[in-house]
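Peer 1: Have a look at this prediction, sequence included:
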Amino acid sequence: MSLKPRRDESASAEGSHADAAELPAENPARDEEIRSRAYEIYLARGQQAGGELDDWLQPSANSTARRR
């Protein structure tokens, strides 16, 4: 029987700091725009479950592209 090695807690904490630096600043207006557009996409898909992530990522990517 082999045991999985434990994750090094300090390495995990360091990684989370790096990840936090990559997060965009909060922008409530942008978030609301994405939320509204994602809901429109959901309605256009016939309110079917299972595409929530795609519904969110599409307007999020479009918003990010417009900001550049």
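Peer 2: Sure thing, it's come through.
Peer 1: Contact partners for D55?
Peer 2: Residues in contact with D55 (CB atoms under 8 Å, 6 or more residues apart in numbering) are 38-39, 41-42, 45. Any C-beta I mention is one placed from the backbone N, CA and C, and that applies to glycine too.
Peer 1: Which one (most neighbours) among the residues you listed?
Peer 2: In terms of neighbours by other CB atoms under 10 Å, these top out with A38 at 20 neighbours.
Peer 1: Now for that residue: which residues touch it?
Peer 2: With CB under 8 Å, 6+ apart, A38 has these contacts: 52, 55-56, 58-59.
Peer 1: Recalculate using a threshold of 6 Å.
Peer 2: 55-56, 59 (CB atoms under 6 Å, 6 or more residues apart in numbering).
Peer 1: and A61, how far is that from I41?
Peer 2: Separation of A61 from I41 (CB to CB, to the nearest Å): 12 Å.
Peer 1: Out of the contacts of D55, list just those in helices.
Peer 2: Mapping the contacts of D55 onto helices (DSSP state H) picks out 38-39, 41-42.
Peer 1: Turn the residues you listed into a markdown table, including distance to R30.
Peer 2: Formatted as a markdown table, the ones in helices among the contacts of D55 follow (distance: CB to CB, whole Å):
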| residue | distance to R30 |
| --- | --- |
| A38 | 12 |
| Y39 | 15 |
| I41 | 16 |
| Y42 | 19 |
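Peer 1: for those, which one is nearest A29?
Peer 2: Nearest to A29 among the ones in helices among the contacts of D55 is A38, at 15.0 Å by CB to CB.
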